[in-house]
Every structure is written in structure tokens, then in C-alpha cells.
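Enquirer: predicted model, plus sequence, below.
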Amino acid sequence: MSAELSTLLPFIVGAAVLVGVALLLLLPPLFRGGRKQAAVPADADAGQAQTALVVLREQLADLEAEHATGRMDEATYRRSRDELERRALDEGEAGTTTLVTAPSRYWAAVVAIGVPVVAAAVYLILGNPAGLDPRQIAGEQQFDPQQIAGMVNTLAERMEKEPDNVEGWSMLARSYVVLEDYAKAAAAYAHVAERVKDDPDLLADWADVVAARDRSVAGEAEQIAKRALELDPGHPKSRLLAGTAAYQRGDYAGASAHWERILATVPPGDPVIASLLEGINEARAKGGLPPLSAPAAPAAPAAAASQGGGELSVSGRLALAPTLADKVKADDVVFVFVRGEAGGAPLAALRFTAGELPRDFSFSGVPRMAGDSPVPATITLAARVAKSGSVSGGPGDLEGRMDGLASNASGVALVIDQVRE
């Protein structure tokens, strides 16, 4: 049996079973015979019954008159009326029609042939016969850029009819970002922002897209970022954009001030400190300010080093460095995992997609991959955009890492900012 036939066989068998069940329900009554209604009167008896019914109606009228004038008490009236009604029913049976059965094999044959034929015709007209072709199905698993653009255009047409569908418009904006059509992405984000007034994440994403469209953060993108900071003064992406806008305008002290506020929230030992500090000191140098040094990492207490760290509840926010945005697709798999500082298998892991970034994460309540083994006092937190789809990683994957974290650290800012060689 060929591979294609093996693929089609379950569908064909299932369809045949369903048609067979339908025929089993329809055919037996037809072969047993269809009931035809035919009146079978007995001439003499029928005539007598009609006469008797006339007499009984006259008696009932007399009974009603006697009761109405008070010449008959209630009990006698009811008993007499019931007797007359019983006799009327008995006499009425003389004219009852009887049911005679006659075979309906012609209709049984029509149904037996017609049901499968009609079912096949309906599927050919309304169904998707090409979907039964394995080669056709296999060809639909991958989409070229033209097909992706077509799907995005279809989504855009649908959203024009659903102006209040916030999720749909957000998806459309992210889709335009993937296509690098930043003008349409900015317009879609603006549409969402008109309906969602208090979401700093949305405003930051909108500002980022406007900056990509204008090739500058100074201007409209900066104003949008400031709106986000009014809602959340500690919002890191908005603060980063505001600092970049100040730097582009030549306000180096202002840029440094924005970025220093971000630096104050980054846990000691975070790899992002080096790149952030480099930008801060470059701005300070141009602004005539003395350089900053990296914050010192606090020494771990001896007791904590010798004992387990207790509950694993590290939490924070995961983001993708803007310089790597063009290297990911919205459906790329992103793993976030925790290891002990000594290495080894992950203690726990989370799975997202790149289209969700930036997003908050928390390992509180996440099932442990290492069973009931104790949590180390300090851990390593890492994230990987697995271009190969494998958690084990490979060349071309995008990664970010933070060492020396407490197992219950909160407010961690993890950035994917490296390409694995």
C-alpha cells in the first residue's frame, strides 16, 4: 500500500462508517413497510353510530337545561353527563380509521443509493478535496514571504471591520514589525493606543516602532516614551528610549541621567551592566562629567553559601536587545531557564515565543525539573531564542545570561543580547 493511500485510508474508512450508520437508521423502517392511512368503514355500523351520536347530543342538551333551571342537583347532573360522554366515545369508535401497512422498498432503494451520492457531492462542492492530497498538505506547512504578506493583508482587511478588536490590532502591528513595514506598524499601534490609555508596555512598543520608522528617537517617539514614563516612571524600555532621544539631541547629561536610573535597578553581576555603563560613560564624557564605575556585587553570606536557597521564585522582565530585533521571527521559541552556578541540568524552565517579548516572567510555582533537590543559594538565569527549536542550543541562537542571582530575586531585567557562535 502506498504512503499516500495509507494517509487517505483513515478518512475514507471514517466517512464510510458514518454513511453506514446513517443508512442503518433510515433503511429498516422503510423495508418493514410505510404506514398508509386508509379509512375502513362498516356501512351499517357507521350509519348507526352517526344516529346514536345525534341522539346523545340531544340528551346532553336536555341535561344541561334541567341543570340550569334547578330541577336537577349537581351530583346527579355530573353523573349523568359523564355517562353520556362515555357512550359518545363508544359510539364514535364505529367511524375510526384503521392503519394498513404497505411496503416502501422503492424509497428504501432510493435512500440507499442517494445518501452516499449526496454526501460525496456535498463534500466536493463545500469541502476541501485537495486537503486529502498528502503532497498538497505537505506543501502548506511552509509559507514564502508573499504568502505571509497576503495573510497580513487579510488580517488588515478584517481589522478594518473590527475597529475595537484590540488584540487583533496588536497582532497586526506586530505582524507589520516582522515584515519591517514600520509605517503601517506605527499606524496600527496608534489605533490601539486610542483605545488603551494606560499601558506603558504598549506605548513603549509604539515608540520603538516610530523610532524605527523615523530613524530617530528624538521627536514623536520621544513624546510617546514620555507618556509611558508618566504611567510608570521605572519602565526600563521607555527610560532607555528617552535617554537615547536626549543623546541624539545633544543632551548628554540628560541621557546619562535616564540610563543611570535603569542601572540602579539592574541586579549586581548582570552582564547588561557592562554595556549600559559603557553608554552612560560615553554620554558623561561628552557632557563633561566624570565616569561612573560598576556597582560592586555584595558578598554572599557564608550561611547562604552553605545552605540551599529555599524556594525558587526568581522573577523579572525578559527583553530582546533592539540590535537583534531583525534576527528573530514572532514564532521563534524562547526558553528561560535557571541553573545552579556550578552548572548542570536546568532546575526549571519557561517557554515563550519571540512575539511575546518583552514580557514579565516568574518561576514561582513552576514545576522543578530536578525533583526535590535543594535550590542553590545563588543561581544563573539564562534565556535563549532557539532558532533550531531545541532547548539544548546551537550556533545562531540568541542568548542572554545573568549570574550570581538569589533564588528569590525579583525585578530582574534579563536581556537577550548575544549571538551564539
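Expert: Good, I have the coordinates. Numbers count the residues shown, from 1 in each chain.
Enquirer: please count neighbours and contacts with C-alpha atoms only from this point.
Expert: OK.
Enquirer: roughly how far apart are the nearest residue to G365 once chain neighbours are set aside and I416?
Expert: Spatial nearest neighbour of G365, excluding adjacent residues (CA to CA, 6 or more residues apart in numbering): S313 at 7.4 Å. According to CA to CA, to the nearest Å, S313 and I416 sit 20 Å apart.
Enquirer: hmm, who's touching stretch 242-251?
Expert: 216-219, 222, 225-226, 252, 254-259, 283, 287 (CA atoms under 8 Å, 6 or more residues apart in numbering).
Enquirer: surely the residue nearest to G365 is in a strand?
Expert: No - read with DSSP: H, G, I helix; E, B strand; the rest coil, S313 is coil and lies in no strand.
Enquirer: which residues of the stretch 201-350 of the chain score low on pLDDT?
Expert: 294-310 (pLDDT under 70).
Enquirer: that one: strands as residue ranges?
Expert: Applying DSSP state E, counting those that start in this stretch to the stretch 201-350 of the chain gives strands spanning 315-320, 333-340, 343-353.
Enquirer: now render those as JSON lines, adding mean neighbour count and distance to L405.
Expert: Below are these laid out as JSON lines (neighbours: other CA atoms under 10 Å; distance: least, CA to CA, whole Å):
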{"stretch": "strand 315-320", "mean neighbour count": "19", "distance to L405": "11"}
{"stretch": "strand 333-340", "mean neighbour count": "22", "distance to L405": "10"}
{"stretch": "strand 343-353", "mean neighbour count": "15", "distance to L405": "14"}
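Enquirer: can you tell which of those strands is closest to S362?
Expert: With distances scored as CA to CA, the stretch of those nearest to S362 is strand 315-320 (4.1 Å).
Enquirer: extract the CA atoms of the closest one and return them as PDB.
Expert: Output in PDB follows, covering the C-alpha atoms of strand 315-320 (Å, rounded to 0.1, in the frame of the first residue of the first chain):
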ATOM      1  CA  SER A 315      11.000  36.900  38.700                       C
ATOM      2  CA  GLY A 316      11.500  39.900  36.400                       C
ATOM      3  CA  ARG A 317      11.200  41.000  32.800                       C
ATOM      4  CA  LEU A 318      12.700  39.500  29.700                       C
ATOM      5  CA  ALA A 319      13.500  41.700  26.700                       C
ATOM      6  CA  LEU A 320      15.300  41.400  23.400                       C
END
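Enquirer: run through who's touching it.
Expert: 357-364, 408-417.
Enquirer: among the residues you listed, which ones are buried?
Expert: The neighbour-count test (16 or more other CA atoms under 10 Å) marks 358, 361-363, 408-410, 412-417 as buried among the contacts of strand 315-320.
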